[in-house]
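Engineer: Sequence first, predicted coordinates after that:
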Amino acid sequence: MTAQRKADGSAGDADYGTIGRDYASYRQPEPAIEALIGGALGSAHRVLNVGAGAGSYEPLNRDVTAVEPSASMRAQRPAHLVRAVDGVAESLPFPDAHFDAAMTTFSVHQWSDLDAGLREMRRVTRGPVVVLSCDPDLVQHFWLNDYAPKVLAAEARRYPPLDEIRKVLGGVSEVVSVPIPLMCRDGFNEAYYGRPERLLDPAARLACSAWSFVDEATAADYVEALRSDLASGVWDRKHGHLRSAPTYDGSLRLIVARP
């Protein structure tokens, strides 16, 4: 199956030519998450990063090959990272068992054909395949669902079941819960669990692709409801304990599949 791509080159259902312009400013790698990914990669030297985006979580001490279909995202990659190959997960231009390990972060829900992309990652990798994603069964447990239900419904609908990822990758796999630190540098929705004011920033919301699946009027109503509850103290009466919680165990998961 050939992946459908936007004018920008983006694969899947989100157009990063539109929503990804300031992505790198808001989606910085979080060191605690980075350490978990590094541990999962083990001793691998040659690493493939699929759906590499602006380069978050790419290890600097390994020989990395990055694949990213969006021209906007490739252009945001900092100079110290390798240039990304223009390509999609479903058709990787590499020979069998070419890499020691492969990784993909916040990307599988964008692929046009999940199974084909995962099979390609497994084909070109002789060691672990590491996938950072979210458990769709837990996405709507987050407090934001009280304010932006269609946003989190879109997010839950797009993330594939973790068992499906494990089944396609085969081998021996595990799912690791990823604690999110209070001052998480990576600006996905749950990263603001104790800093709700951050979601009043339009650019912060735009860096979370699920917000692009609701119309502007609906998003404005959601933001106004949150703004009102923050001003009145309603949010803090319900969720104020999260402002000082050092970590949050939400839907973020790391799947590690070894052959």
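Structural biologist: Nice, thanks for sending it over. Numbering: from 1, shown residues only.
Engineer: Just the strands from the stretch 51-200 of the chain, written as ranges.
Structural biologist: 63-67, 101-105, 129-134, 172-177, 180-181 (DSSP state E, counting those that start in this stretch).
Engineer: in the first one, what counts as buried?
Structural biologist: For strand 63-67, the buried set under the neighbour-count rule, 16 or more other C-beta atoms under 10 Å, comprises 64-67. No exception for glycine: its C-beta is placed from N, CA and C like everyone else's.
Engineer: Please tell me how far the residue nearest to residue 228 when sequence neighbours are not counted sits from residue 219.
Structural biologist: Computed as C-beta to C-beta, 6 or more residues apart in numbering, the closest residue to residue 228 that is not its neighbour in sequence is residue 234, at 7.8 Å. Residue 234 is 20 Å from residue 219, where distance means C-beta to C-beta, to the nearest Å.
Engineer: more neighbours, these two?
Structural biologist: residue 219 (19 against 13; other C-beta atoms under 10 Å).
Engineer: ok, now which ones touch that one?
Structural biologist: Neighbouring residues of residue 219 by C-beta atoms under 8 Å, 6 or more residues apart in numbering: 148, 151, 205, 211.
Engineer: For burial, what's the neighbour tally of the first one?
Structural biologist: Other residues near residue 148 number 25, with proximity taken as other C-beta under 10 Å.
Engineer: Which residues are in contact with it?
Structural biologist: 211, 214, 219, 222, 226.
Engineer: same check, this time on residue 156
Structural biologist: Taking C-beta under 8 Å, 6+ apart, one finds 136-137, 139-140 in contact with residue 156.
Engineer: still on that earlier bit, out of the contacts of residue 148, who's the most crowded?
Structural biologist: residue 211 (23 neighbours).
Engineer: Please settle this for me: is it part of a strand?
Structural biologist: No. Read with DSSP: H, G, I helix; E, B strand; the rest coil, residue 211 is helix and lies in no strand.
Engineer: where's it relative to residue 80, distance?
Structural biologist: For residue 211 relative to residue 80 (C-beta to C-beta), the value is 30 Å.
Engineer: same thing with residue 235?
Structural biologist: Taking C-beta to C-beta, one finds residue 235 at 39 Å from residue 80.
Engineer: Name the residue in the two with the higher neighbour count.
Structural biologist: Higher neighbour count among residue 235 and residue 80: residue 235, with 22 against 8, using other C-beta under 10 Å.
Engineer: Isn't the more buried one up against residue 227?
Structural biologist: No. Here residue 235 does not reach residue 227: they are 9.6 Å apart, not a contact under C-beta atoms under 8 Å.
Engineer: Run through the helices of the protein in chain order.
Structural biologist: Under the criterion DSSP state H, helices of the chain are mapped to 16-19, 23-26, 31-41, 71-75, 114-123, 149-158, 162-169, 202-206, 216-232, 234-239.
Engineer: got a list of what the residue most central in space within the chain touches?
Structural biologist: Nearest to the mean C-alpha position of the chain, by C-alpha atoms, centre = their mean, lies residue 106 at 1.9 Å. By C-beta under 8 Å, 6+ apart, the contact list for residue 106 reads 51, 53, 132-133, 188.
Engineer: Try it again at 7 Å.
Structural biologist: By C-beta atoms under 7 Å, 6 or more residues apart in numbering, residue 106 lies in contact with 132, 188.
Engineer: Please report how far it lies from residue 182.
Structural biologist: 20 Å.
Engineer: Next: residue 227.
Structural biologist: Taken as C-beta to C-beta, the span from residue 227 to residue 182 is 21 Å.
Engineer: Return the per-residue confidence for the residue of the chain most remote from its centre.
Structural biologist: Residue farthest from the centre of the chain, counting by C-alpha atoms, centre = their mean, is residue 232 at 32.5 Å. pLDDT for residue 232: 98.
Engineer: where's it relative to residue 225, distance?
Structural biologist: Taken as C-beta to C-beta, the span from residue 232 to residue 225 is 11 Å.
Engineer: ok, now residue 51?
Structural biologist: From residue 51 to residue 225 the distance is 33 Å (C-beta to C-beta).
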